[in-house]
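Colleague: can't give you the sequence, but here's the structure:
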């Protein structure tokens, strides 16, 4: 039931809507295309640099029952070292540096909404996986900085200086961009099609495995991803092509406890290592990408219902506004024009935006 107060509010909004509609009677409805990347001809060619910084402690793998000949540790360089002593050593920092080339195919999709007559374009629902189905191995090394300590089995001394430990490679299994907000740009006529120029705010996500641990960077700082490419239209739909430069860095400080990590420390005896276990907290992760993203995508028209024709009588007029507000006041799910799961002012704005455009 519509109250006197709500009727006045609805009538006022109806009058405003009719005024806007009259002023925009000739507004052109924007076309919308859903693009999918062609993985065979799309991909990333870049250099990746990633650092992981941790702190905590390490201790020998000695166990009186299960591993009586295992490595034992003790802080300090001088003093006694009992036959069964095995004492944890503070780790000031254990840092991982991975740096190397990344080449992989790209998969993903995005929606392009455009109004050629007005020269406007926007990107929606962008989600790109730049390591689609691949695993990229990037060489890395570990730098260990601890308080001075000694070991037994084998006997070795480690002063408080950075210790370099080459350990193979980091396996990168995910390198993704996900749209994080609205984007609006331009589309202009060019040879054989149109030039698209839109900057999309995205978040960057990276997943890798190092020292038998899964390391993730996700949901960090929003960065701009340019969409400066060409769009051409065919009988079947549309095609998009671009080469996008990449140059950005992202970091986060998760303060996350890691499972125990085994390390083999070099000694002065060739081929002999001191085996320890590190208990660490992940203090900071950062990653940077410099290179380019080659994109080729094909698009198909997206057929959408006319939100403005709320009563589905084939026309867009004042009757749709009245019926919309009746449903909106009653909390009818049909009034969720924005499709966000709620019925509120956002739906009113979405309805009138479609109504102004005539659909």
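Modeller: Received the coordinates, thanks. None of the values given here were measured: they were computed from a predicted structure.

Colleague: What count of nearby residues applies to residue 177?
Modeller: As a burial measure, residue 177 scores 21 neighbours (other C-beta atoms under 10 Å). (C-beta placed from N, C-alpha, C; glycine too.)

Colleague: so it touches residue 224, yeah?
Modeller: No: between residue 177 and residue 224 there is no contact under C-beta atoms under 8 Å: 10.9 Å.

Colleague: ranges for the helices of the stretch 201-350 of the chain?
Modeller: Taking DSSP state H, counting those that start in this stretch to define them, one finds helices in the stretch 201-350 of the chain at 318-330, 345-357.

Colleague: Please enumerate the shared neighbours of residue 177 and residue 224.
Modeller: Common neighbours of residue 177 and residue 224, counting by C-beta atoms under 8 Å, 6 or more residues apart in numbering, are residue 202.

Colleague: which residues touch the closest residue to residue 272 other than its chain neighbours?
Modeller: Distance criterion C-beta to C-beta, 6 or more residues apart in numbering; nearest residue to residue 272, sequence neighbours excluded, is residue 154 at 5.2 Å. Listed by C-beta under 8 Å, 6+ apart, the contact set of residue 154 reads 71, 267, 269, 272, 273, 274.

Colleague: was I right about the second one contacting residue 156?
Modeller: Yes: counting by C-beta under 8 Å, residue 156 is a contact partner of residue 267 at 4.3 Å.

Colleague: Show me which of the two is the more surrounded one.
Modeller: Set residue 267 next to residue 156 and count neighbours by other C-beta under 10 Å: residue 156 wins out with 19 against 16.

Colleague: residues contacting the more buried one?
Modeller: Residues in contact with residue 156 (C-beta under 8 Å, 6+ apart) are 150, 265, 267, 268, 274.

Colleague: among the helices of the stretch 201-350 of the chain, which is nearest residue 80?
Modeller: Comparing the helices of the stretch 201-350 of the chain against residue 80 with C-beta to C-beta, the closest turns out to be helix 345-357 (72.0 Å).

Colleague: Pull out the buried positions in that closest one.
Modeller: By neighbour count on 16 or more other C-beta atoms under 10 Å, the buried set for helix 345-357 is 347, 348, 350, 351, 352, 354, 355, 356, 357.

Colleague: on contacts alone, who are the packing partners of that helix?
Modeller: In terms of contacts (3 or more C-beta pairs under 8 Å, 6 or more residues apart in numbering; DSSP states H and E), helix 345-357 is packed against helix 4-23, helix 318-330.

Colleague: out of everything not next to it in sequence, what's closest to residue 349?
Modeller: residue 338 (7.9 Å).

Colleague: Sorry, slip of the keys, the one I care about is residue 295.
Modeller: residue 242 (4.7 Å).

Colleague: can you check residue 101 too?
Modeller: The nearest residue in space to residue 101 (C-beta to C-beta, 6+ apart) is residue 47, at 5.9 Å.

Colleague: what do you get for residue 320?
Modeller: Nearest non-adjacent residue to residue 320 (C-beta to C-beta, 6+ apart): residue 310, at 4.1 Å.

Colleague: Give me the neighbour count for that neighbour.
Modeller: Residue 310 has 24 neighbours, counted by other C-beta under 10 Å.

Colleague: tell me the contacts of it?
Modeller: For residue 310, the contacting residues are 320, 321, 323, 324, 327, 334, 351, by C-beta under 8 Å, 6+ apart.

Colleague: could I get the buried residues of helix 345-357 as TSV with pLDDT and distance to residue 145?
Modeller: TSV is the format used below for the buried residues of helix 345-357 (pLDDT from 0 to 100; distance: C-beta to C-beta, whole Å):
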residue	pLDDT	distance to residue 145
347	84	57
348	88	59
350	83	56
351	85	61
352	86	61
354	81	60
355	82	64
356	80	63
357	75	62
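
Colleague: from the residues you listed, which is closest to residue 217?
Modeller: Compare each of the buried residues of helix 345-357 with residue 217 using C-beta to C-beta and the shortest gap goes to residue 350, at 33.8 Å.
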